[in-house]
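# Model the structure of this input:
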Amino acid sequence: MTTEAAVTFRSGVRFEARAESGHTVVIDGPPEAGGENAGFRPMELMLLGMGGCMALDVVLILRRMRQEVRAYRLNIQAERAEDPPRVYTEVKLAHLLQGEGLEASAVQRAIELAETTYCSGSAMFAKTAKISNTFRILVS
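Here you go, the predicted structure:
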């Protein structure tokens with residue numbers, strides 16, 4: 001399966017990235033590199049991509065389990081290596097869910113399946129980072 005995307009230089013250290021879906025995001029470097037805080041940093045996008053992948057997979061798996069998710073927030077805390085290439089070395093994912101009759105065992109299983117089987121982002125991050133997941137079901 002081939003995916004295509006393009007990153008186009010705009011000015012300074014700002015770029016516009018376009019995915020094959022047609023959506024665009026602005027990427028900008030940090031101020032110390034001449035950036036103007038006009039967009040995401042590249043490594044922020046990678047972290048958000050992994051988080052989005054996990055969250056989407058968890059919700060889809062829970063739906064297949066007939067678990068109703070009404071609200072879901074995934075908080076991400078990550079550490080990066082001090083030396084270049086400054087990869088992520090630890091990623092902590094805190095899943096906060098709300099839904100009528102959500103079962104803790106189903107949520108735990110959905111997170112496990114997302115991380116170990118379905119989430120491509122998690123699989124890539126696991127090559128350099130220790131990933132940990134916690135969850136809490138919030139009362140409606």
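# Now do the residue lying closest to Met124 once chain neighbours are set aside: how many residues are near it, please.
Of all residues not flanking Met124 in the chain, Met50 sits nearest, at 7.4 Å (Cβ to Cβ, 6 or more residues apart in numbering). (Each C-beta comes from the backbone N, C-alpha and C, glycine too.) Close neighbours of Met50, defined as other Cβ atoms under 10 Å, add up to 26.
# got the contact list for stretch 31-40?
Contacting residues not belonging to stretch 31-40 are listed as 12-15, 25-29, 41, 48 [Cβ atoms under 8 Å, 6 or more residues apart in numbering].
# please redo it, this time with the cut-off set to 6 Å
Residues from elsewhere that reach stretch 31-40 (Cβ atoms under 6 Å, 6 or more residues apart in numbering): 12-14, 26-29.
# Now it: average pLDDT?
Taken as a whole, stretch 31-40 has an average pLDDT of 96.
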